[in-house]
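Just need the structure, nothing else, for what follows:
(chains A, B and C)
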Amino acid sequence: MTDATAAVPAARKVPAWAEGPISVVFALVVSILGGALIILMVGENPVNVFGTLLRGAFGTPERVAGSLLQATPIITCGVAACIALRAGLFNIGVEGQLYVGAFAAAWIGFGFQLPPVLHAVVGLAAGMVAGALWISIPAIMRARYNANEVVSTILMNYVAVLLTSYLTIVVFKRPGGWSETEPVAATAHLMRLIDGSRVNIGLLIGLVAAVGLHLFLTRSSAGYSVSAMGSNPKFAEYGGVRVKRNIVLVLLASGAVGGLAGGVETLGVHHRFMEGFAPGFGFDGVIAALLANGHPLGVVVVALFFGALRAGSLLMEVETSARREIITVIPAFLILCVSAQFLFRRRGGVSGERRWRF
Amino acid sequence: MTAAPPKDSDLAVELVGITKRFGAFTANRDVSLAVRRGEIHALIGENGAGKTTLMNCLFGMIVPDEGQIRVDGRAATILSPQDAIRLGLGMVHQHFKLVPSLTVAENIFLGMEPTRGGLIDRAAQSARVRDLSRRTGLTVDPDRPVRELSVGIEQRVEILKVLARGARTVILDEPTAVLTPQESRDLFRTLRGFTEAGMSVILITHHLDEVMAASDRVTVLRDGAAIGTEVTAETTEGRLAQMMVGRPVTFGRKARAATGGATVLSLRNVDAHDDRGLQALHDVSFAVRAGEIVAIAGVDGNGQTELAEVISGLRRLSHGQITLSGRDVSGAPADQVRAAGLAHVPADRLVRGVDTRETISANILMGRQHQAPWARGGIIRWGIVREAAKGLIGRFDIRTQGPDAPVKSLSGGNMQKVVLAREFSQEKPFLLVDQPTRGVDIGAMEGIHDEVMRQRAAGVAVLLISVQLDECLRLADRLLVMFNGRIQAEMDPETATLDEIGLQMMGGRTSERAAE
Amino acid sequence: MEILSTIFTVSLVAATLRTTTPILLVALGGSFTTKAGIFNIGLEGQMLVAAFFAVLGSLWSGSAWVGLLCGIGAAVTMAMIFSLLVVTLRATEGGRGRPPNSRPGGRTIALTTASFGVRGSIGNPGIVGLPRLQVPFIHGTRPWGQMLSGYTPLIYAAIVLVFVVWAIQYRTRLGLYIRVTGEKPEAAESLGIRTTRMQHIASVLCGVFAGLAGSHLSLGYITMFAENMSAGRGFMAVAVLIFSNGDPFKVFFGCLLFGFADAVALRLQTVGMSSYLVLMVPYLVSLLALFALSWRQRDKVYRTMRRTLTASPRGT
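Okay, the predicted model is just below:
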């Protein structure tokens, strides 16, 4: 119980910068072993299953492209979650912002006629505006009245999914009763990067967003204020950072990037809004951001891994009797392992900190 | 002078050679203390002298590194408060440990509730409280929630809590800090009643008048060591004061050249509320001129925290006006107050003063991340920041590996130097220093005081808030005493005696009010 | 008028009770953690896991009661992982300047978010659902019989448990200690009450209730498991807990409100309202309640934050 006994000095052999990645790799290994155990339990050969998974993710250039395609929205959603996380806030509503952003972009795409490049740009911008609007009420309530943004953004997700379904199926109903909107005009399509694959410049947008966020946080004055706010809000407040205003701005930015991810999906991949088009990209993004501990470049790495898992599991389901759902336990294992490491690696007391605190 | 050594059997509690270290800091050095049965034993010393640490050792909140504790003449092992309670010790903490939503009876019997059929027997509980009240003369309503009680009654509940656990020795940690003079007198009468019934009382305080009024014997602590034990009736306040500070009380005022500049900061009729919504500042008015150090002295918790927050833009004022460098900053947010000319050393460096997870460079930058030359076009120039940090590390003698070391790797004193380095190098016309030497060692303290004087010499208007009276006397050109959220008195640090200041810190029984 | 009379019928009462039960059960569990000072974001996950394992248990054993036990066991396991993260990791996770426990940490959020990743469904005629209890004398007599009889035992249990939870919290030592842990941990510690132990106990109790709630979802009226079948009820429960402060009776009335909103929404569908809009109602009600409460408590929250902040560094 007492801090005095808990403060076991940590033996430090690895350099500080390497600690994070090393622990993630360790966690990865344990989670794959855990996944293997589950696969054994359902009566499959783990080596075979993982082999298929790997082939499915990286086996041919097309499959690599497939992995990148799956990773694209996770990268962008991860960046969205990262923005909030670094300011000490949780935006668990990325999924909802993805949906409203996707719908808004699709609406611009099929409802308006604009010149080629401009059409796509306006569509993406509409997605961002929709995402930002979607988080605006939770953001304001958090800043002004300290309303818990975790719960409010989660609840907003359910509303977003239902609202976009309603818009698709009731308001913008297509003859024949499909659960999708009309196709987006070709002028609004995003440029594809690889022939024969749906990988588009949305991937580059995601990467640029990640690098941009990294530079913003480490280089810019405003970024410094934001990360100070996340690290110690009282200190930031004392130093003249307007914490309440920044809470709103940061959450709006986070929501906008979430909406952007949705816009990229509709304009770049599906060319229409489909009900339930994004199975958990937003949540995967949140997890990626948390596993990367809020580091935007780390998010890219984790998102690529998640993308490969998703792509690989498609082939796995075709070729083995293991169901795709099995693969969803691997991220869960990852979280548990990373958490467990924190359990065993309790930091020693900050020297001198307690001196005058009695 | 000292009374004849008592027999062992007369001693309720005896501490022998207690030493307690926290890292490199020694809070208690070979302290011995003997408390007799039936006496009120005062334990006095300045803030940070080690009184509370010593009592925490006795009460099992912390375990001493060396030394022995004897209770009722037998060696005792006290590893937790529960051990202490079992041995008949009871402690009334300075900050009450009562649960607001529970009733008086529930609080008193918390952890030892009478039960019947697995459920708490509330009737029996209340009856026992009434019985206890009758026996001790401490009347309380057992079924009232604690949150509805006044501070004085809360303390009464704390004392009953201790008595209900069968305490024969009661430790009170600065019990009068929150009481009115009337309540204090009642408290001392109650304590006297205890000792007449054969119990012992240890009274921790730094108010000499209380010691003289209430105690039988007194032990003085200074810098973690016991300086001596006196029989109260045979000593004087002056002698105790000298023992407390270790030198005659007219100690080294910093030499200074007379300066007199324009008014930099002025407060007019400022009111503010604390976090509980109670008024914490009442009609506070004063001014600080360039090249002058104004010190706010007072017992902790008399509105100093709120005053600092109101001035620095971290708390809204409810009434009045604050002007800084000619600009009205009443109710302005912190960044605007800083822009108007504030540099601020906060009282609690770990909460507000530093970001322990960041590097020294990043901590040095705070508050000027938007200003040239630190940043240009919204981009921070880290090269310049690092160079500046290097320079400040040298100038302020911060013991560290370099500007990229995380602040959490520093000792408390060195963390404080990071704060000072950042704020003193701002070159702002007004400097607010709140408890600048809290928790730093004597050597570092000297350096900090010199630095404050240099700021004064450079024409900065300095407002010093400190609970260390000698610090105020040493640095101040003018001394304001705060009590109950008001400026109680203005005094001249050259001529005021410790007694006079102490009197004002206690609310002053004279009727004079501070003049502008 | 005709629409109103179609909506407000005896079966609406029945539907309200049915929809209230899972959220009430899980919120009652959460009331323990709330009282213990833990912000329990894990309710949804615990409920979902319970629903899954209840179906598995029922399928394997052929008994709904074994299914129920499996559900509870799974939820308790989740709850223990959760409390390990929240209580034991608190020291390392809570950033400085942030009151411990009043905000969830990143790891717990991650775990919660992972529960959205649960995919797939189990529907099998072999799943044995919980029996319907037929109250003697009034069963079959309309309208009382329809209103009060013929529910699964968990519905009756949920209402009884409101009182049981109240009695535990306000009349037993355990409940008292849990409340003190949440309200003033330093007071508890100073009297030898182990606050971490109390928080673990509260978490496990919470797991039991979340287990009941989850099992009710998958073995109550529908005997199947579907991904996301808890549909945010755990998060609604969190909203209820935030504004009820965990008081069992307030929790009860809050949940009743949600159940009613849910039931009305379902009825509205039958009169031709779009199901998508109607299904939003409970979420919007939760959001409104959450925001309204934050607005009303704006000063109190700030004050509690400050108090925790100034109190936490002292005493260990």
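
which residue is nearest the centroid of chain B?
B:Asp300 (4.8 Å; CA atoms, centre = their mean).

Phi first, then psi, for it.
phi -50, psi 140 (degrees, to the nearest 10).

And what about the closest residue to it other than its chain neighbours, helix, strand or coil?
Using CB to CB, 6 or more residues apart in numbering or on different chains and skipping residues adjacent in sequence, the residue nearest B:Asp300 is B:Val467, 4.9 Å away. Yep, even glycine has a C-beta here, placed from its N, CA and C like the rest. Under DSSP: H, G, I helix; E, B strand; the rest coil, B:Val467 falls in the coil class.

pretty sure B:Val467 contacts B:Pro436?
No - with contact defined as CB atoms under 8 Å, B:Val467 and B:Pro436 do not form a contacting pair (11.5 Å).

now stretch C:199-212, how far from the centre of its chain.
Taking CA atoms, centre = their mean, to the nearest Å, one finds the center of stretch C:199-212 at 10 Å from the center of the full chain.

near chain A, anything from it?
No - Stretch C:199-212 stays clear of chain A (CB under 8 Å from any CB of the partner chain), getting no nearer than 12.8 Å.

any idea of the mean pLDDT for stretch C:163-175?
Across stretch C:163-175, the average pLDDT comes to 90.

Helix or strand, whichever it is, which one in chain B has the lowest mean pLDDT?
helix B:498-505 (a mean of 74; mean pLDDT, DSSP states H and E).

list the buried ones in that helix?
Neighbour counts using 16 or more other CB atoms under 10 Å in any protein chain shown place B:Leu498, B:Ile501, B:Gly502, B:Leu503, B:Gln504, B:Met505 of helix B:498-505 among the buried residues.

Now for the second one: which residues touch it?
With contact set as CB atoms under 8 Å, 6 or more residues apart in numbering or on different chains, B:Ile501 has these partners: B:Ala297, B:Leu469, B:Leu473, B:Leu479, B:Val481, B:Met491.

any low-confidence regions in the chain?
I went with chain A, as the question did not name one. In the predicted model of chain A, residues A:1-20, A:23-24, A:42, A:177, A:321-328, A:335-358 satisfy pLDDT under 70.

switch to chain B, that's the one I care about
B:1-9, B:24, B:47-48, B:177-178, B:180-181, B:245-252, B:276, B:439-443, B:506-516.

what's the spacing between the residue of it most remote from its centre and B:Gly367?
Residue distances from the centre of chain B (CA atoms, centre = their mean) peak at B:Gly117, which lies 46.1 Å from the mean C-alpha position. Distance, B:Gly117 to B:Gly367, using CB to CB, to the nearest Å: 62 Å.

what's the answer for B:Ala76, then?
For B:Ala76, the distance to B:Gly367 (CB to CB) stands at 51 Å.

Tell me which of those two has more neighbours.
B:Gly367 (24 against 19; other CB atoms under 10 Å in any protein chain shown).

who are the neighbours in contact with the more buried one?
Contacts of B:Gly367 by CB under 8 Å, 6+ apart are A:Gly239, A:Gly240, B:Arg338, B:Arg422, B:Gln426.

mind running it again at 7 Å?
When contacts are counted by CB atoms under 7 Å, 6 or more residues apart in numbering or on different chains, B:Gly367 touches A:Gly239, A:Gly240, B:Arg338.

do the same with C:Ile193
Contacts of C:Ile193 by CB under 7 Å, 6+ apart are B:Gly111, C:Tyr177, C:Val180, C:Thr181.

Please pick the buried ones from these.
Judged by 16+ other CB under 10 Å, buried ones among these: B:Gly111, C:Tyr177, C:Val180, C:Thr181.

ok, those residues vs A:Leu304, which is closest?
Nearest to A:Leu304 out of the buried ones among the contacts of C:Ile193 is C:Thr181 (CB to CB; 43.4 Å).

And the strands in the stretch 201-316 of chain C, which stretches?
C:224-226 (DSSP state E, counting those that start in this stretch).

Residue ranges in it under the pLDDT threshold?
In the stretch 201-316 of chain C the weaker segments, taking pLDDT under 70 as the threshold, are C:297-316.

Pull the contacting residues for A:Thr164.
A:Tyr99, A:Val100, A:Phe103, A:Phe273.

Just want the residue of the stretch 51-200 of chain B that's nearest chain A.
Distances between the stretch 51-200 of chain B and chain A by CB to the nearest CB are smallest at B:Thr52, namely 4.8 Å.

quick revisit: okay if I get the contacts of B:Ile501 as CSV plus neighbour count?
Formatted as CSV, the contacts of B:Ile501 follow (neighbours: other CB atoms under 10 Å in any protein chain shown):
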residue, neighbour count
B:Ala297, 30
B:Leu469, 23
B:Leu473, 24
B:Leu479, 24
B:Val481, 29
B:Met491, 22
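
out of those residues, which are inside strands?
B:Ala297, B:Leu479, B:Val481, B:Met491 (DSSP state E).

The first one contacts B:Cys472, doesn't it?
Yes - counting by CB atoms under 7 Å, B:Ala297 does reach B:Cys472; the two are 4.4 Å apart.

so what sits against both of these two?
Common neighbours of B:Ala297 and B:Cys472 (CB under 7 Å, 6+ apart) are B:Ser466, B:Leu479.

List, one by one, the residues from chain B near chain A.
For chain B, the residues in contact with chain A (CB under 7 Å from any CB of the partner chain) are B:22-23, B:25, B:48, B:52-53, B:56, B:314, B:333-335, B:338, B:346, B:350-352, B:354-358, B:365-367, B:369-370, B:375, B:378-380, B:408, B:411-413, B:438-439.

just the buried members of those?
By 16+ other CB under 10 Å, these give B:22, B:25, B:48, B:52-53, B:56, B:314, B:333-335, B:338, B:346, B:350-352, B:354-358, B:365-367, B:369-370, B:375, B:380, B:408, B:411-413, B:438-439 as buried.

Sounds good, over and out.
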